[in-house]
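> I'll drop the sequence and a predicted model, then ask my questions.
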Amino acid sequence: MHNSDLFFNNLPLFVPLIVLELGLLIAALVSLYRRQTVRHGNRLIWTLAIVLVQPFGAIAYFIFGREVD
Amino acid sequence: MSATLTFWHKEWLAAWRNYHVLILAVVFVIFGIEAPLMAKLMPDLMKLALGDQLSIKLPQPTSSDSWQQFYKNTSQIGIFLLALVFSGAVSQEVSGGTLVNLVTKGLPRYAVIIAKYLVAVVQWVVAIGGSFLITWGYTAYYFPDDKSPHVWLAIWPVLLFGLFFVAVVLLGSTLINSNYAGFLTAALVFAGLALLNYVKAVKRWNPIALVTDNLDLVRGTEKITHILPACGVAVVGALVLLGVTIWAFNRKRL
């Protein structure tokens, strides 16, 4: 059995997960680049966290990094 | 009443703009899908990890594995995410001075706390309810067995625990002026309850049973009557904590 078999045998479970995580990633990046500042760290660090650590990076950004209006 | 309603609308707008609704929705939907997915993948993942070294035959996953994963996610990550999201509910507004105008113009202080509490509880109930329904649907489809006879019974204690836990977060956020006070208070209380569970005499009365005994309830190895005292303590505790929070908020400098 290969990894790809695992993936294709469970598409009804994987597809909604991927859609959700992509949605969250896009929402986080849009929010990050609309604002001039972040609360902790800088934009580059948050971009890396959001893109590389799915989905925790985006969630952490919304809770800890996003500048409150 | 109308003051609470007005502030309730403001709170929902804030929850939406602060992405709280989005975070909770996405995470709890992920939990809902992940539980049956992990249960289904576990044997294959074990095979991939261990390869040919595995000589014993792995048991087929059951609905019970799916629910085990669901309750692990909700009780170990879900409730703390809830605490984190609502951690600054009061403290953030106090440090930002955003309540001063509303309160001096006649908004009763209790309305602030009650509206914040209800908005958080509704988000918790919808998040858990949605997540539960997703896991229930996939589990019924992928694991149509009789290993989980009491699925609908086991979810109620989790919802009740939310009533208690949100009250703890709100009290912490009211007493201490730090964005993380609510979360830290909730984490400390949770740890305290976990320690208290080692004392046999109070075990049945400990609200933590509401998020630790769920799998036994699902499987039918424990009856709901066993944790009814803990349910009672959680509800009374939530009301008392809410009262103390309103009392403390009435005396707070905004």
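Noted; the coordinates are in hand.

> what about the closest residue to residue B:100 other than its chain neighbours, how many neighbours?
Leaving aside its sequence neighbours, residue B:100 sits nearest to residue B:254 (Cβ to Cβ, 6 or more residues apart in numbering or on different chains; 5.1 Å). Glycine gets a C-beta too; all of them are placed from N, C-alpha and C. Taking other Cβ atoms under 10 Å in any protein chain shown as the criterion, the count of residues near residue B:254 is 15.

> Repeat that for residue B:253.
Neighbours around residue B:253, by other Cβ under 10 Å: 6.

> Please report how far it lies from residue B:177.
The gap separating residue B:253 from residue B:177 is 10 Å, by Cβ to Cβ, to the nearest Å.

> Then residue B:224?
40 Å.

> of all the residues in chain A, which ones are close to chain B?
Within chain A, the positions near chain B by Cβ under 8 Å from any Cβ of the partner chain are A:1, A:3, A:6, A:10, A:12-14, A:16-17, A:20-21, A:23-24, A:27, A:31, A:55, A:59, A:62-63, A:66, A:68-69.

> Now the buried members of those residues.
The neighbour-count test (16 or more other Cβ atoms under 10 Å in any protein chain shown) marks A:6, A:10, A:13-14, A:16-17, A:20, A:24, A:27, A:31, A:55, A:59, A:62-63, A:66 as buried among those.

> Tell me the secondary structure of residue B:146, please.
At residue B:146 the chain is in coil, as set by DSSP: H, G, I helix; E, B strand; the rest coil.

> Need the per-residue pLDDT for it.
Looking at residue B:146, its pLDDT reads 90.

> And for residue B:179?
At residue B:179, pLDDT is 88.

> Check the one 10 residues further on too.
Note on residue B:189: pLDDT of 97.

> Name the residues that touch the longest helix along chain A?
With secondary structure taken from DSSP state H, chain A has its longest helix at helix A:11-34. When contacts are defined by Cβ atoms under 8 Å, 6 or more residues apart in numbering or on different chains, helix A:11-34 is touched by residues A:7, A:38, A:43, A:46-47, A:50-51, A:54-55, A:57-59, A:61-62, A:65-66, B:19, B:22, B:26, B:29-30, B:33-34, B:36-37, B:40, B:138.

> Just the buried subset of these, please.
By 16+ other Cβ under 10 Å, these give A:38, A:46-47, A:50, A:54-55, A:57-59, A:61-62, A:65-66, B:19, B:22, B:26, B:29-30, B:33-34, B:36-37, B:40, B:138 as buried.

> so does the host helix or strand of residue B:165 get close to chain A?
Taking DSSP states H and E as the criterion, residue B:165 maps to helix B:151-175. No: on the criterion Cβ under 8 Å from any Cβ, helix B:151-175 is out of touch with chain A, staying 13.6 Å away.

> where does that helix sit relative to the chain's centre, distance-wise?
6 Å (Cα atoms, centre = their mean, to the nearest Å).

> do the same with stretch B:20-29
13 Å.

> same thing with stretch B:70-86?
5 Å.

> That one - what's its average pLDDT?
Mean predicted lDDT for stretch B:70-86 stands at 94.

> can you tell me the distance between the two ends of that stretch?
End-to-end distance for stretch B:70-86: 22 Å, by Cα to Cα, to the nearest Å.

> Any buried residues in that stretch, and which?
Here stretch B:70-86 shows B:70-75, B:78-79, B:81-86 as buried, counting by 16+ other Cβ under 10 Å.

> Next one, pLDDT for residue 56 please.
Because you didn't say which chain, this covers chain A. So residue A:56 comes in at 90 (pLDDT).

> wrong one, chain B
At residue B:56, pLDDT is 71.

> Next, find the distance separating it from residue B:46.
In terms of Cβ to Cβ, residue B:56 sits 10 Å off from residue B:46.

> From the neighbour counts alone, determine which of the two ranks first.
residue B:46 (12 against 5).

> about what we covered before: surely the residue nearest to residue B:100 is in contact with residue B:99?
Yes: Residue B:254 lies in contact with residue B:99 (Cβ atoms under 8 Å); the separation is 5.1 Å.
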